[in-house]
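J.: Quick one, structure for this:
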Amino acid sequence: MATPAAPEGAAPADHRPALTVEELCFASAMSCFEGWLKMDPAIGPRTMSYVTKFISRTLEKTHNLKEVRETLSRSVEVWVWLTKSFAAALPSLTTRSIGPLQSLNDPEKGITPQESTALITKNYTSLKEDLQLLIKLMHIARNLLVVPEPEIPQDLCAAAQFDKMLYQTITLCVNVTSKAYDGDILEETARHKLSEITELYKKLLITCLQQAHNWIAKNDRNKMSFWCAVLFDDESGEEQQDAGAQFADFRPDVAKMEVQNWIERNSRMCDKARQLLVDYQRNLGSRGSPPGNLPENSVLSWNWMPHVRPRADDIGEETKITPQWKEDEQDKFEQDRLYGRVSREVDTWWLKVRDPNYDEWIISMPSVEKAHQLIEGCKLSSLNRYPHSFRNDDQEGSVHSAEDVQLPEHQGPEGEIRDDRHYNLPDYNDDMIEDEDVDDDESYGEGPMSGLLTEVPNILDPKQIEALHMIVKSCILDSAGISLSRAGENLQKTRCRMFLSLECGRSLLREILVFIAVWEKSEQSLIFQLTTQIVEAIHHSALIPFAWQSLRIPKDIISPAQTVLLRLVNNMFRTRLQDPIQPGSKGHLRDIKLLQFLYIQFRTRIVPECTALMHLQAQIRNETCDPVDFPVDSWDMERAKDGLQQFLDLLMTVNEPIEWRTCLIQWEAVFDLLVLLKSLESAVPKKPMVDLPDRSAHRRPPPPHDDDRESHDYDSADPPPPPPPPPIQEHAHKFPWAGIKGQILHIIAGLLQPEAGRSGPGNPVVQKQILQHNGIISLLNCCVYDDHNRFARERVQICLKWLMDGSAEANKVLHDLVAVSPPPNLQPAPDASGLTQPVPLRVDGIAGEVKVRVKSNNAQPGSSPSSSAQQQQHHPSAAYQQYPPRPSSAASNESGITTNSNTSTSSSTHDHDHLSSQAAPSASNNNNNNNTHTHTHQPPARVHGPAPPPPTPPSALTLPSLASPLISVSPSDYERFTKAYMNALPPLHSAATGAPGVGGHLNHPMMQAVRNHGGRPEDLFKDILTLADEAARLAIGQPPFVSPSGSGIGSGSGSGSGSRQRDADETEEEDFM
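T.: Below you'll find the model as predicted:
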């Protein structure tokens, strides 16, 4: 290879070119500033005022004048002066801020934060002046890189080794700003000085990150140099070696040597930069003129020094090379040159830790039976497992958790058997958690963290840290238009793999993710969008499974960083809905594989762990376990809930496209959702809308006795009574898991919906899965009002609509539930005045019991109770006065939903409130007329029967809302409610005339079923089934069923006998079957 010389066509420069005014002023100012820092020669304050003025003017011109910026950016002297100034300033700043330089590398010689505070306050004036000048100089260096040809100043900056000063400046800023200074023990003046100096260091750190971003922009060699400097941290070498045993035997020292060899092979600069460097070295460097020689110990020095033998590749060859790895080659540099790629160590590591399904389907989804075993095993060991890890030593390196399955050959989760490789599922056994030496604090990464940039997210706020995220994105994001190397290597993906292969990179990723949670950044913020792009780059390299595993904390079910990663993946998938990827493409298949991995984690870890906690809550609720034995605190429960919420949010997103939804159906996602639903039902009591006030608290105390007044007199000077204690935090075993049921029901409804473009019937596969796992009872139990999960009842209605639509088996199950429910006996005999005895009722949404007296409007003065009861028996209209139909959205909306899939549930809620507001005053007036104290509740309420029995296992039928009467309303009020409610529904054609309208509503058999059920709760629930049956008939085009009496389906009115009513019911059941 020939000795480097000036590029062809360039005129040799035998003399120093003339400098511009800006170059002269800046060079003079930098010469004086270096003397000021080194105190050789001594510079006075008057000279420093001129230095400050020249630097400020130069900064202003580089901001505003493009010509000045381009001229200074091509001046080698400017870059050398910048390097020398920072080289002189950093030792001085370090000594005046955090002690001598030798104390930085020796923790035993380091100073305490208190000593550092004393140093900063002592040298406050000089530190402030120097930091302000250094911030301006770094601004100038940043601006000089914003030119039409940025590769020229980028090469000059690297030749002058200003990038080395940049790293050292960042290190100093991090060391100063990350110290835990105790400002409470300082006086106001010292605290102000410390705060001002810290803010100046932060500004210098921000400018350094901005300059670094400009230096690496569109320059692969500079990116690789920066990545090598910040990731291969010399101080974390031992940690890297320890991590290598855990993460596929990665050798950081070998990888670092290979990266450095690649940088040297690609050290050729652009021709214009080489010419400028050669001219400078010939005219100034060789003569010893200020600012001095260029560095000679750099891999780039052959570009300007003729006597240095270059080892860079000849970029003139446009032919592609084929990577060859010669194991017997003794020369490491030659071995790497033949390989052609950046690092074989990184490539080998990536092949071991990438998604096992990268090339073909290797890992399949664990079966429902295996998931059930995991859940039961987790429940048995739940008391002893926390806070330690549940995984075996041989499972730590696994990025998938799957069952002992064999490898499918087919490209899909349901493929055929191929060989015997597998990943083990976690075993929840007590012998795995006997080790009590696990340090929880270490699992959270407390203490000094490795890496130059790892501490930056803990120092800067969201507005200040943007440059850091842009640096990471610029180094690893594989955007469109990225060209490949001569060896066919995508350097962006290679740097992404380096990012996760090293402990410094993984620590930085963890801090970047947690940063979003700490600052509660929204999806619209720039930081969130940049982090999403970083996660997208990791996804392109199939390393999200590995990143997920590396972010895991043994103490938590799901760590905060994993929760944020899920949120970012969810946002990434949400963008696919707006800009979908072609089905069957490589990107689409990569998304499916990522979704499979995440759902494996959901099934094998998240659901069993959360279910185990809910199982303990249920045991404590049933008083079979002591609350003291609950193994986690409220903070851990909140983390578990956040992670579960993010998983459910992700499932809600992927439930929308038909391709992803099909995968969830094939994996039987309904099983996991129903397990969570049943566990929540048994673990958490439903929260009422309002709590009944304590009547004893409103009673006036008895007046004091005259003999006791003197003994109870107090002096007016006595202090007032102490304030009430602060509210006690809810115990962890009472954690409500608020909002989880609503998400689960939303997903189930999405899985049940019919195919695209059709209004029915529901998905038959999901219907069968729900019935197989006994999910109907779990859905019905969610109908009772729960303030922790508002609008759960309305979501259940949608689920029941698609579940019953087209499924005869589901309808039969609901009929069987009605058949086994006992009829209520809640109507006591009235007295002579027509008033019944107070009946304790349960009002849905209100805690406790409400005692209500019901007065019959047909009772005449002097009539006997028997005559009143007989009159009610022969006149069905009297049923409205005792047991009016429930204004249940389940009943009413069942008719509306099954006829029109787009019907909103808001109308049912509105009319429900209207009926409740009428019912409450009615009951109140009746009770006030009889001097009986009764509560009147303003919020909407649904009334139930007596208090339900103690909590039962989830498999038991608990339907308190289906066997309870309501506070009575008059027939006129009920008729007004019926008309208002049915007008809010989509038009139904009349059975007689077929014309839409209000009359059609009221004459339709579905409407008659609601209006004529006679007030009995069991009849009402039968009518719910009848309405669903009628909707199914309408969907398949059959005529509506009319009872033999001609009064409509389920009619309970008229003067017919009880046998006729039984015949109608039997006929209805036969037709339904």
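J.: how about the strands in the stretch 51-200 of the chain?
T.: For the stretch 51-200 of the chain, no strands turn up when DSSP state E, counting those that start in this stretch is the criterion.
J.: Could you point out which residue ranges in it have low pLDDT?
T.: 102-109, 180-185 (pLDDT under 70).
J.: Helices along that one, start to end?
T.: 66-73, 76-97, 113-122, 124-143, 151-159, 162-177, 188-216 (DSSP state H, counting those that start in this stretch).
J.: For the third one, give me every contacting residue.
T.: Helix 113-122 has contacts (Cβ atoms under 8 Å, 6 or more residues apart in numbering) with 96-99, 111, 127, 176, 179-182, 186, 190, 193-194, 197. Backbone N, C-alpha and C define where each C-beta goes, glycine included.
J.: neighbours around Phe671, how many?
T.: 22 (other Cβ atoms under 10 Å).
J.: Could you turn the buried ones of the contacts of helix 113-122 into a PyMOL selection?
T.: The following PyMOL line selects those of those that are buried, judged by 16 or more other Cβ atoms under 10 Å:
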select buried, resi 96+97+98+99+111+127+176+179+181+186+190+193+194+197
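J.: wait, which of the contacts of helix 113-122 is closest to Gly292?
T.: Using Cβ to Cβ, Arg96 is the member of these that sits closest to Gly292, with 25.7 Å.
J.: distance of the closest one from Val176?
T.: Using Cβ to Cβ, to the nearest Å, we find Arg96 at a distance of 10 Å from Val176.
J.: quick one: the strands in the protein?
T.: For the chain, applying DSSP state E gives strands covering 839-844, 849-852, 942-944.
J.: Which of those strands comes out lowest on mean pLDDT?
T.: Lowest mean pLDDT of those: strand 942-944, a mean of 40.
J.: follow-up on the earlier one: and for Arg96 and Val176, which residues touch both?
T.: By Cβ under 8 Å, 6+ apart, no residue touches both Arg96 and Val176.
J.: of the contacts of helix 113-122, closest to Ile363?
T.: Ala180 (44.6 Å).
J.: Next up, the contacts around Arg639.
T.: 556-560, 563.
J.: how about 10 Å then?
T.: 553, 555-560, 562-563, 632 (Cβ atoms under 10 Å, 6 or more residues apart in numbering).
J.: hmm, back to that, of the helices of the stretch 51-200 of the chain, which is nearest Ile263?
T.: Comparing the helices of the stretch 51-200 of the chain by Cβ to Cβ, helix 151-159 comes nearest, at 10.3 Å.
J.: What helices and strands are in contact with the closest one?
T.: Counting contacts by 3 or more Cβ pairs under 10 Å, 6 or more residues apart in numbering; DSSP states H and E, helix 151-159 is packed against helix 66-73, helix 76-97, helix 124-143, helix 162-177, helix 188-216, helix 220-231, helix 271-280.
J.: Skipping its backbone neighbours, what lies nearest Arg510 in space?
T.: Nearest non-adjacent residue to Arg510, counting by Cβ to Cβ, 6 or more residues apart in numbering: Ala561, 4.8 Å away.
J.: ugh, wrong one, I meant Asp336
T.: Nearest non-adjacent residue to Asp336 (Cβ to Cβ, 6+ apart): Asn261, at 4.4 Å.
J.: tell me the pLDDT at that neighbour?
T.: 96.
J.: And Leu276, by the same measure?
T.: So Leu276 comes in at 95 (pLDDT).
J.: residue contacts, the residue found closest to it once you drop the neighbours it is linked to in the chain?
T.: Excluding the flanking residues, the one nearest Leu276 by Cβ to Cβ, 6+ apart is Val76, at 5.7 Å. Each residue near Val76 by Cβ under 10 Å, 6+ apart is listed here: 156, 159-160, 273, 276-281, 283-285, 291, 294, 304.
J.: what about 7 Å?
T.: 156, 276-277, 280 (Cβ atoms under 7 Å, 6 or more residues apart in numbering).
J.: which among these end up buried?
T.: Using 16+ other Cβ under 10 Å, the buried ones in those are 156, 276-277, 280.
J.: nearest to Ser585, of those residues?
T.: Taking the buried ones among the contacts of Val76 together and measuring to Ser585 by Cβ to Cβ, the closest member is Leu156, at 43.7 Å.
J.: distance of the closest one from Ile216?
T.: Leu156 is 15 Å from Ile216, by Cβ to Cβ.
J.: Would you confirm that Ala487 contacts Val342?
T.: No. Taking contacts as Cβ atoms under 7 Å, Ala487 lies outside contact range of Val342: 8.9 Å.
J.: burial of Gln533, as a residue count?
T.: Neighbours around Gln533, by other Cβ under 10 Å: 18.
J.: need the contact list for it.
T.: 473, 477.
J.: and the two most separated of the contacts of Val76?
T.: Leu156 and Tyr280 (9.1 Å).
J.: Quick one: the helices in the stretch 401-550 of the chain, in order.
T.: Under DSSP H, counting those that start in this stretch, the stretch 401-550 of the chain gives helices at 440-443, 466-476, 491-501, 503-519, 526-540, 544-550.
J.: that older thread, what's the closest of the buried ones among the contacts of Val76 to Thr604?
T.: Leu156 (54.9 Å).
J.: Show me just the buried residues among the contacts of Arg639.
T.: 553, 555-560, 562-563, 632.
J.: low-scoring stretches of the stretch 351-500 of the chain, by residue?
T.: Short version for the stretch 351-500 of the chain, where the test is pLDDT under 70: 385-449, 480-481.
J.: Next: the stretch 701-850 of the chain.
T.: In the stretch 701-850 of the chain (pLDDT under 70), the answer is 701-729, 821-837, 839, 841-845, 848.
J.: could you redo the last one with a cut-off of 50?
T.: In the predicted model, the stretch 701-850 of the chain carries pLDDT under 50 at residues 707-717.
J.: quick revisit: nearest to Leu800 among the contacts of helix 113-122?
T.: Ala180 (57.0 Å).
J.: Serialize the buried ones among the contacts of Val76 to a markdown table and add fields for distance to Met165.
T.: Below are these laid out as a markdown table (distance: Cβ to Cβ, whole Å):
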| residue | distance to Met165 |
| --- | --- |
| Leu156 | 14 |
| Leu276 | 20 |
| Leu277 | 18 |
| Tyr280 | 18 |
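J.: I'd assumed Glu681 was in contact with Met614.
T.: No. Look at Met614 against Glu681 with Cβ under 7 Å: they stay out of range, at 9.2 Å.
J.: quick one: the residue nearest to Leu276 from Met224, how far?
T.: On the measure of Cβ to Cβ, Val76 and Met224 end up 23 Å apart.
J.: for Met257, same thing?
T.: With Cβ to Cβ as the criterion, Met257 and Met224 are 13 Å apart.
J.: who's more crowded, these two?
T.: In this view Met257 and Met224 are compared by other Cβ under 10 Å, and Met224 has more residues nearby, 22 against 17.
J.: check contacts around the more buried one.
T.: Met224 touches 259, 262-263, counting by Cβ under 7 Å, 6+ apart.
J.: Mind doing that once more with 10 Å?
T.: Contacts of Met224 (Cβ under 10 Å, 6+ apart): 216, 259-260, 262-263, 266, 342, 475, 491, 494-495, 498.
J.: go on, Lys128?
T.: Contacts for Lys128 (Cβ under 10 Å, 6+ apart) come out as 193, 196-197, 200.
J.: what's the burial count for the closest residue to Arg567 other than its chain neighbours?
T.: Nearest non-adjacent residue to Arg567, counting by Cβ to Cβ, 6+ apart: Gln646, 5.4 Å away. When neighbours are defined as other Cβ under 10 Å, Gln646 has 21 of them.
J.: Tell me, what's the model's pLDDT at Tyr981?
T.: For Tyr981, the model assigns a pLDDT of 36.
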